[in-house]
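Student: Pasting the sequence and the predicted model now:
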Amino acid sequence: MALPESEHPQWPRPRRPHYARARVLHPDFGEEREDDIIRHTDLRQHPLGQRPDPASLWPAVLLLLLFFAGSYWSWIHPDANPLAATQDLVYKKGEIWRLMTTLWVHADIAHLLANSGLFLIFGLFLRNYFGLWAFPGLSLLGGMVTGALALLTYGPETRLIGASGMVYFMAALWLFLFLKHADYLSWTHRVMRTIAFALVVLVPTQFEPQVSYRTHAIGFALGLFFGWLSAPWMKPVTNLSAPPFEEHEYALKATDVEEDLLP
């Protein structure tokens, strides 16, 4: 007796894409859960999955050279106060420009080098993946706003110097945008990576009396806030191109045919 047309076996049976199959991870972890499956066949086709362009590092390098120049000037003129910001100078004398120049000044070479590493990393990521508006535009604005708010928490003559608040602003901005746009990972993975990075890199292991940790906290909070404000319209920017065709990636193996075609 002939089978109804609806019950005829399909030949060939449609293959499931490889990215939709549960992959076996380390034996201690078992099989990958459905919500952990990467949603893009080729990670290179996701804006945040591409390698950053080394040319995107130039804005951060140029600003860092400015930091070195401003810090060196303050070191050879310790009695002068041409660049640093205080509450009196900014709010009473109206020298708003000091909110920018005080970012260039650092107490010593150790202070400058401590800020340089993260500044270059987040400067590269923000510029490469989110454009010039994210870095240096929004990052410099965030550094100035952080300094303006932090000065209100100190005495009128206290000098607030360094780019630490700006660095924490940039870190929080990047982490928020990563959480928002890295949809090639599940929410669980994104949250875990963000928390782990913040705990390992941003939380200090020892406290020093001359370091303004409240400025760090203000910068981080402002970075999250600015990230939330800008997330709806600040999308990852990239020059997407089709990945190179590799024939072996699409060749069917005998085991694949047997697995996918047999009922």
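Tutor: That came through, no problem. Numbering: from 1, shown residues only.
Student: mind checking the end-to-end distance for stretch 67-85?
Tutor: 15 Å (C-alpha to C-alpha, to the nearest Å).
Student: Going by neighbour count, which residues of it are buried?
Tutor: 67, 70, 71, 74, 83, 84, 85 (16 or more other C-beta atoms under 10 Å). All C-beta atoms are positioned from the backbone trio N, CA, C, and that covers glycine.
Student: Just to check, residue 95 is in contact with residue 89?
Tutor: Yes. Counting by C-beta atoms under 8 Å, residue 89 is a contact partner of residue 95 at 4.9 Å.
Student: the more surrounded of the two?
Tutor: Using other C-beta atoms under 10 Å, the more surrounded residue of residue 95 and residue 89 is residue 89, with 21 against 14.
Student: pLDDT score assigned to the more buried one?
Tutor: pLDDT for residue 89: 95.
Student: Repeat that for residue 238.
Tutor: At residue 238, the model reports a pLDDT of 61.
Student: What of the one 10 residues further on?
Tutor: In this prediction, residue 248 carries a pLDDT score of 47.
Student: How about the one 5 residues further on?
Tutor: On the pLDDT scale, residue 253 is placed at 47.
Student: Residue ranges in this protein under the pLDDT threshold?
Tutor: Under the criterion pLDDT under 70, the flagged ranges of the chain are 1-45, 238-263.
Student: can you point me to the longest helix in it?
Tutor: helix 109-132 (DSSP state H).
Student: buried set for that helix?
Tutor: For helix 109-132, by 16+ other C-beta under 10 Å, it's 111-112, 114-116, 118-131.
Student: rewinding a little: okay, and which of the buried residues of stretch 67-85 map to helices?
Tutor: 67, 70, 71, 74.
Student: just those now: which is nearest residue 218?
Tutor: residue 67 (19.8 Å; C-beta to C-beta).
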